[in-house]
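Asker: Take a look and give me a structure for this.
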Amino acid sequence: MMVASRSSLTTAQIVEHVTRLLGPDQIDIDETALREASVDRFKKYTAVHGIFDGPFPSVIVYPESTEQVAEVLRFANENLIAVIPRTGRTATEGGLEVVVDDTIVLDGSRMDRTLDVNTTDMMVTVQGGAPLQRVEDELRAIGYTTGHSPQSKPLAQYGGLVATRSIGQFSTLYGGIEDMVVGLEAVLADGTVTRIKNVPRRAAGPDIRHLIIGNEGAMSFVTEVTVKIWPYQPENLRFFGFLTDEFGTGVEALRELVTQGYRPSVARVYSPEDARQHFAHFHDGKNVVVLVAEGPKRLADATAEAIEEVFEGKQHERVDDALIEQWFHNLNWGQDKIDRERATMLTESHLGYTTEVSVDWSRVVDLYEAVMRRVREEFPRAQDLTMLGAHSSHSYQTGTNLYFVYDYNITVEPRQEITEYHQPLNAIVVEEALRHGGSMVHHHGIGKYRTSWTEQEHGSATELLRRLKSALDPKGIMNPGTIFALED
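Answerer: Below is the predicted model of the structure:
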């Protein structure tokens, strides 16, 4: 759904005012840039074909300080101009998609400084536009790590990571971004700057960090983040790989390890089809379990010993550790892989997408089998699928996530790809996750394409979310259509 701007200002007046506020070097009105800023990677197939149906933003604004963010938001709020906060541009669920005419895209990427590294209190403080890869490289050079390593690590920036409740590939040990954030600074819709101080823990009311973490730009703009750091000890890494005949065997192995209190940094099980794209040289049509022990040597050794013990009681084949280590060092997606994907989309009319959800341990296999069955039996274009699989990659005491992966040949016009393929496949996964008592999204956010399930996801707690949105963004300027669908 797309709607007209509620502002009385014209496009030219909006551009003129933000230029006055920040100066011409901090705005972009290039037509190509505006078109590309109107979508995110949810529409990567149409975008690569040069299809942008709009609406388009009026301007992209690049603030260089918290004060400038506040000034732009104050202006937008007073004039009912929609704003989309943006840092990193790796969103995959339509959260960055423009749906209101004359929206301002507020890009924090120039606020990119590392402000403080504190190795006594074990924290690093960065601006919201600080690139995760650079911060991690700086820390590793002095023997520390954030422990955060999403696949988007080469491109991701901290404001976006916090706003989307990001999670990394080592989450079973280090946690998600919500476990890492100590304190932060954000700007509300009316320009109010709010700072949550850095403390180890507090019991002074609800945890107000979570008013900001995961807000998807629909309630605030993240300008500064402090996260925990840990010693970086790569010499203690231990790699493990196992093949199992049944997906449930791999899931049970993860459950046993995690619920006993062990925390391998990587704990994954891949279904055979999903394994084929990662481990084609050895998966042999079976499920692949990948585990990595990490941390201080004695802790890594204890975790490794527990991994061995768990698999002693299960039918499996052991994979050469070196093959798992090789896979481990090629996990992330940088611009090079995105460019190759674009070339494939153009030359082969072929695409891959994912939908990630979470569920309790007791329902993991049922959910996996239900999605596989429904897609094969109900998806009208099932014959175009070239891969349909899933993997678990983030585990907890009570359950795990399932990352459903589907690749397909596209036999329709590019503009139809989303409605004919991605949306119906995404819907099946979401519907089944909710039917099995799980969450409709594990870490990519609601964006603009899972909003129809927001109320089913939260049930009676939806009212808390609505009141929070109303309190922090009473005029509704912040990322309209995200978390909650646009009203008719």
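
Asker: What ranges in the stretch 201-350 of the chain fall below the confidence cut-off?
Answerer: Residues of the stretch 201-350 of the chain meeting the criterion pLDDT under 70: none.

Asker: Helices along that one, start to end?
Answerer: 247-259, 272-278, 297-312, 321-328, 335-348 (DSSP state H, counting those that start in this stretch).

Asker: I'd like to know which of those lies nearest to residue 114.
Answerer: Of all the helices of the stretch 201-350 of the chain, helix 335-348 sits nearest to residue 114, with 21.8 Å by CB to CB. To be clear about C-beta, it is placed using only N, CA and C from the backbone, and glycine gets the same treatment.

Asker: between whichever helix or strand comes after the closest one and helix 335-348, how big is the angle?
Answerer: Of the helices and strands lying after helix 335-348 in sequence (DSSP states H and E), the nearest is strand 350-360. Orientation of strand 350-360 against helix 335-348 (axes from the mean of the first three to the mean of the last three CA atoms, to 10 degrees) gives an angle of 120 degrees.

Asker: Need the residues that contact strand 350-360.
Answerer: 44-45, 92, 341, 344-345, 367, 386-387, 394, 398-410, 417, 421-422, 425-426, 429-430, 433, 436-444 (CB atoms under 8 Å, 6 or more residues apart in numbering).

Asker: who does the helix or strand following that strand touch, helix- and strand-wise?
Answerer: For strand 350-360, the following helix or strand on the C-terminal side (DSSP H and E) is helix 364-378. With contacts defined as 3 or more CB pairs under 8 Å, 6 or more residues apart in numbering; DSSP states H and E, the secondary structure elements packing on helix 364-378 are helix 247-259, strand 385-392, strand 399-409, helix 423-435.

Asker: Mind listing the strands the shortest one pairs with, and their directions?
Answerer: Each strand that pairs with strand 385-392, with its direction, by DSSP bridges: strand 266-270 (antiparallel), strand 399-409 (antiparallel).

Asker: for it, the distance to its chain's centre please.
Answerer: Between the centre of strand 385-392 and the centre of its chain there are 19 Å (CA atoms, centre = their mean, to the nearest Å).

Asker: Dump the C-alpha coordinates for that strand into PDB.
Answerer: Extracted as PDB, the C-alpha positions of strand 385-392 are listed here (Å, rounded to 0.1, in the frame of the first residue of the first chain):
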ATOM      1  CA  LEU A 385      11.900 -24.500  -7.200                       C
ATOM      2  CA  THR A 386      15.500 -25.500  -7.500                       C
ATOM      3  CA  MET A 387      16.100 -25.800  -3.800                       C
ATOM      4  CA  LEU A 388      13.800 -26.000  -0.700                       C
ATOM      5  CA  GLY A 389      15.400 -26.600   2.600                       C
ATOM      6  CA  ALA A 390      16.100 -25.200   6.100                       C
ATOM      7  CA  HIS A 391      18.700 -24.900   8.800                       C
ATOM      8  CA  SER A 392      18.800 -24.200  12.500                       C
END
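
Asker: could you give the angle of it to helix 423-435?
Answerer: Here strand 385-392 runs at an angle of 30 degrees relative to helix 423-435 (the same axes, to 10 degrees).

Asker: Pull out the buried residues from strand 385-392.
Answerer: 385, 388-392 (16 or more other CB atoms under 10 Å).

Asker: Can you list the neighbours in contact with it?
Answerer: Contacts for strand 385-392 (CB under 8 Å, 6+ apart): 250-251, 254, 267-277, 350, 352, 364, 368, 371-372, 375-376, 379, 400-409.

Asker: could you check the angle helix 247-259 makes with that strand?
Answerer: Going by the same axes, to 10 degrees, strand 385-392 makes 30 degrees with helix 247-259.

Asker: same check, this time on the third one
Answerer: Between the axis of strand 399-409 and that of helix 247-259 there is an angle of 140 degrees, by the same axes, to 10 degrees.

Asker: chain center to strand 399-409: distance?
Answerer: Worked out by CA atoms, centre = their mean, strand 399-409 lies 14 Å from the chain centre.

Asker: Buried residues, that strand. List them.
Answerer: Using 16+ other CB under 10 Å as the test for burial, strand 399-409 gives 399-408.

Asker: Would you mind identifying the next helix or strand past that strand?
Answerer: Counting by DSSP H and E, the element after strand 399-409 in chain order, helix or strand, is helix 417.

Asker: I'd like the distance from that following helix to the chain centre, please.
Answerer: 22 Å.

Asker: can you list contacts of that helix?
Answerer: 45-46, 351, 410.

Asker: mean confidence score for it?
Answerer: The average pLDDT within helix 417 is 95.

Asker: can you check stretch 451-470 too?
Answerer: On average, stretch 451-470 scores 96.

Asker: Could you shift the numbering so residue one becomes 186, and keep it that way?
Answerer: Sure, I'll start numbering at 186, so the last one becomes stretch 636-655.

Asker: got the contact list for residue 428?
Answerer: Taking CB under 8 Å, 6+ apart, we find residue 428 in contact with 467-469, 471-474, 501-504.

Asker: what comes up buried for stretch 361-380?
Answerer: Within stretch 361-380, the residues scored as buried using 16+ other CB under 10 Å are 361-362, 365-376, 378.

Asker: distance between the ends of it?
Answerer: 21 Å (CA to CA, to the nearest Å).

Asker: Please report phi then psi for residue 470.
Answerer: phi 70, psi 10 (degrees, to the nearest 10).

Asker: quick one: it and residue 458 touch, right?
Answerer: No: assessed by CB atoms under 8 Å, residue 470 is found out of contact with residue 458, at 9.3 Å.

Asker: Distance-wise, check the closest residue to residue 508 other than its chain neighbours relative to residue 426.
Answerer: What sits nearest to residue 508 in space, not counting adjacent residues and going by CB to CB, 6 or more residues apart in numbering, is residue 467, at 6.0 Å. In this view, residue 467 and residue 426 are 8 Å apart by CB to CB, to the nearest Å.

Asker: cool, residue 586 as well?
Answerer: Taking CB to CB, one finds residue 586 at 20 Å from residue 426.
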